[in-house]
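kindly generate the corresponding structure for this input.
(one chain, ligands or ions: 1)
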Amino acid sequence: MKYSEFHYERISVEEQNELLNERLQRFNDVKSVDEQITVIKEVDESYRKYASYASIANLNFNRDVRDEEAKAEKEYYDSIGPNMAEIGNRWEKAVDASPFKSELRREWGDTFLKQIEMGLKTFDPKIMDMLRQETDFKQEYSELLAGAKIEFDGASYNLTGLGPFHQHKDRAVRKRSYAAKFKWFEENAEAFDDLYDRLVKLRHRMATTLGYENFIELAYLRMGRSDYGPKEVAIYRQQIVESVVPVVQKLLEQKKGILGLDHLYFYDGINFKEGDPKPKGTPDEMVVAAQEMYHELSPDAGEFFDLMVDEELLDLVNREGKMPGGFCTGFPAYKRPYIFSNFNGTDGDVVVLTHEAGHAYQGYASRNQPLISYLWPTAESAEIHSMSMEFLTWPWMEKFFGEETERFKYKHLAGSLVFLPYGACVDHFQHWVFEHPEATPRERKEQWSELESIYLPNRDYDDLAFPKSGGFWQMQKHIYQYPFYYIDYTLAQTCAFQYWIRNEENPEETWGSYHRLCQAGGSLPFTGLIKLAELQSPFEEGCLESIVEKVSAWLDGVDVAKL
Ligand SMILES: [Zn+2]
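Reported below is the predicted structural model:
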């Protein structure tokens, strides 16, 4: 079946409510676990339909934002979100109160009930209004950013439009474009400070209303982290400071040589003097190359990619009316993933065919998991599939980059390592913020600057006043909109590096482990999944040290003068 033939409809909240009432009655009246299992499967089936229709509505709108009908469908599904969450909450309370919990555990393992338990700990009708307010504040941040009009070299740009100038070959243009951007942030500093202050106090109040000391514990529960806490994350961040920061400093030294500069400023964020490597071939040729690549990688991967092509589950190329960006989504009722992107002729196009395809491969591999909550894992695990696929496809990069392959690989590997300290800095900052909910905006900025000096000791903002006085983090949307979601990227990267190392040594064994990991979906928490895949836990002391040694040896082997 092709995507266009998937059944779609609006589900009705009243009907869902009635269905739930009827099911709850049966669920609570049963005499045996088997009858409860039957009801759980029915509810699961309904969730799969709801998730599939909501995902189709959202995707169709992204495919053409000018389509009024598509917009109305998306808005419909957005609007019923809170009601469906409430229905979900009533159902979860019933499952949590089941007298057959140990039997249910025997059927589906620990994760199902644990997920429900954690979900219930993050919600109470008492915080309903605060949750709505949080959504409004997050929206306020989006609107603030979207409203940016920045004068630059005689024209007016929004933040996205200004982006390419930050990567300009001419250093003076890069600096001026950043100066223009930061000037805008400076002019709006009070709005950004005030909004974050409101968000911090609101989140703190939500946490204390639910009985927590501060927001951190609640945030970990909201992220579905059942198997590690702030203590483990702190150990991990310390490893980044000790093992990664020194290597990054070395790479930055090397970069001076590559760019022919005697000092690196923040605005020298480009990779090569002549610009980044570009993929060869048209988008259609790249899809054919990807299809060949996945067939050579493994029969499972080949079958998966054929399906994506045959069933029209790829919408890759930029066109008018399409929403910017790229993502992977899925339709659990049809057991199919979908990749959406906007090819624009940069190396990012190839990354879509590997990174997003990694997410999609996982969605495909885990399609037969028995419960909808087992289809996708928590965020730090989900990015392992995508970031690792970027590495597992390395042997085929010549198909896409030809003589620029080495440049691509160098940029990819070095960039992945350089990211880790920044990711840890964002995470450390958020822990500090919620441990000190009464701090003033000024104190927050001072703290950010202090953390920058630990994690990013080489960063030199030159005379750009706004970031120099500790404001850089206000550009990081996760801090406002997805609190504590950031360390996830670095944890996943640490696991992806391990696959990169293993793939160099034994590709077959590596693919087997990767496939197992994908198949498991979200049936286990993070530490359970990495155990299954025989990956070393990032929380174990020494984990990063041995990884960094190998990554850095590969980078040392590159003759950068020839790049
Ligand atoms: Zn991703």
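
my guess is residue 522 meets residue 372, correct?
No. Using CB atoms under 8 Å, residue 522 is not in contact with residue 372, being 9.3 Å away. Backbone N, C-alpha and C define where each C-beta goes, glycine included.

give me the more crowded residue out of those two.
Neighbours per residue, other CB atoms under 10 Å: of residue 522 and residue 372, the larger number sits with residue 522, 22 against 18.

give me the distance between that one and residue 363.
Plainly put, residue 522 is 11 Å away from residue 363 if you go by CB to CB, to the nearest Å.

what's the answer for residue 151, then?
Distance, residue 151 to residue 363, by CB to CB: 44 Å.

same question, residue 494
23 Å.

one more: residue 301?
Per CB to CB, residue 301 is found 13 Å from residue 363.

mind listing the shared neighbours of those two?
Overlap of the contact sets of residue 301 and residue 363 (by CB atoms under 8 Å, 6 or more residues apart in numbering) is empty.

pick out whichever of those two has more residues nearby.
Taking neighbours as other CB under 10 Å, residue 301 and residue 363 compare with residue 363 leading, 26 against 23.

the strands in the stretch 101-250 of the chain, which residues?
Using DSSP state E, counting those that start in this stretch, the strands of the stretch 101-250 of the chain run over 150-152, 155-157.

distance from the first one to the middle of the chain?
To tie it back to what came earlier, the one meant is strand 150-152. 30 Å (CA atoms, centre = their mean, to the nearest Å).

now do the last one
Here the centre of mass of C-alpha atoms in strand 155-157, compared against the chain's by CA atoms, centre = their mean, lies 30 Å away.

now swap in stretch 47-62 and tell me
19 Å.

let's see it as CSV, backbone CA atoms only.
Output of stretch 47-62 as CSV, limited to C-alpha atoms (Å, rounded to 0.1, in the frame of the first residue of the first chain):
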residue,chain,number,x,y,z
TYR,A,47,-3.9,4.4,20.4
ARG,A,48,-2.3,3.1,17.2
LYS,A,49,-5.1,4.5,15.1
TYR,A,50,-5.1,7.8,17.0
ALA,A,51,-1.3,8.1,16.6
SER,A,52,-1.4,7.2,12.9
TYR,A,53,-4.1,9.7,12.0
ALA,A,54,-2.5,12.5,14.1
SER,A,55,0.8,11.8,12.4
ILE,A,56,-0.8,11.8,8.9
ALA,A,57,-2.5,15.1,9.7
ASN,A,58,0.7,16.7,10.8
LEU,A,59,2.7,15.3,7.9
ASN,A,60,0.2,16.4,5.2
PHE,A,61,0.3,20.0,6.6
ASN,A,62,4.2,19.9,6.6
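
could you find the closest non-adjacent residue to residue 421?
Nearest residue to residue 421 in three dimensions, chain neighbours excluded: residue 455, at 4.3 Å (CB to CB, 6 or more residues apart in numbering).

isn't the one you found right next to residue 241, touching?
Yes. Counting by CB under 8 Å, residue 455 touches residue 241, with 6.7 Å between them.

which one of the strands of the stretch 101-250 of the chain is the most hemmed in?
Mean neighbours per residue, mean count of other CB atoms under 10 Å, is largest over those for strand 150-152, with a mean of 16.

for the protein, longest strand please?
strand 336-343 (DSSP state E).

hang on, the earlier thing: how about the strands of the stretch 101-250 of the chain, which one is nearest residue 174?
Taking CB to CB, strand 150-152 is the member of those nearest to residue 174, at 11.8 Å.

now do that closest one: everything it contacts.
Residues outside strand 150-152 that contact it (CB under 8 Å, 6+ apart): 156, 157, 158, 159, 162, 165, 176, 177, 180, 181, 183, 184.

out of those, which one sits closest to residue 57?
Among the contacts of strand 150-152, and counting by CB to CB, the member closest to residue 57 is residue 158, at 26.5 Å.

phi, psi for the closest residue in space to the closest one that isn't next to it in sequence please.
Nearest residue to residue 158, sequence neighbours excluded (CB to CB, 6+ apart): residue 148, at 5.5 Å. Here is the backbone geometry of residue 148 (degrees, to the nearest 10): phi -60, psi 130.

for the host helix or strand of residue 546, what is the distance to the chain centroid?
Assigned by DSSP states H and E, residue 546 falls within helix 543-556. From the chain centre to the centre of helix 543-556 is a distance of 24 Å (CA atoms, centre = their mean).

test my guess that residue 394 contacts residue 409.
Yes. Under the criterion of CB under 8 Å, residue 394 makes contact with residue 409 at 6.6 Å.

show me what contacts residue 140?
Residue 140 touches residue 195, counting by CB under 8 Å, 6+ apart.

how confident was the prediction at it?
Note on residue 140: pLDDT of 94.

ok, now the one 5 residues further on?
The predicted structure scores residue 145 at 92 on the pLDDT scale.

from here on, count from 590
With the count now opening at 590, the last piece we talked about shows up as residue 734.

and it, how close does it get to residue 770?
11 Å.

which residues are common contacts for these two?
residue 748.

the two: which is more packed in?
Using other CB under 10 Å, the more surrounded residue of residue 734 and residue 770 is residue 770, with 23 against 19.

verify the contact between the more buried one and residue 747 for me.
No. Residue 770 lies out of contact with residue 747 (CB under 8 Å); the separation is 10.6 Å.

mind pulling up the pLDDT for the residue nearest to residue 812 when sequence neighbours are not counted?
Nearest non-adjacent residue to residue 812, counting by CB to CB, 6+ apart: residue 1073, 5.9 Å away. With respect to pLDDT, residue 1073 scores 98.

next: residue 1089.
98.

buried residues of whatever helix or strand it lives in, list them for me.
Assigned by DSSP H and E, residue 1089 falls within helix 1076-1094. The neighbour-count check on helix 1076-1094 (16 or more other CB atoms under 10 Å) flags 1076-1092 as buried.

likewise for stretch 591-603?
592, 595, 600.

now do stretch 917-926
Residues of stretch 917-926 classed as buried: 917, 918, 919, 920, 921, 922, 923, 925, 926 (neighbour count, 16+ other CB under 10 Å).

now list whatever residues contact both of residue 1111 and residue 952.
Taking CB under 8 Å, 6+ apart as the contact rule, residue 1111 and residue 952 both touch 964, 965.

CSV please, covering the strands of the stretch 690-839 of the chain and showing mean pLDDT and distance to residue 1006.
Formatted as CSV, the strands of the stretch 690-839 of the chain follow (pLDDT from 0 to 100; distance: least, CB to CB, whole Å):
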stretch, mean pLDDT, distance to residue 1006
strand 739-741, 95, 32
strand 744-746, 94, 31
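
can you put these in CSV and add distance to residue 1116?
Compiled in CSV, the strands of the stretch 690-839 of the chain are given as follows (distance: least, CB to CB, whole Å):
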stretch, distance to residue 1116
strand 739-741, 44
strand 744-746, 44
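
out of the ones you listed, the one nearest residue 1105 is which?
With respect to residue 1105, and counting by CB to CB, the nearest of the strands of the stretch 690-839 of the chain is strand 744-746 at 46.7 Å.

give me the residues contacting that closest one.
Strand 744-746 is contacted by residues 738, 739 when judged by CB under 8 Å, 6+ apart.
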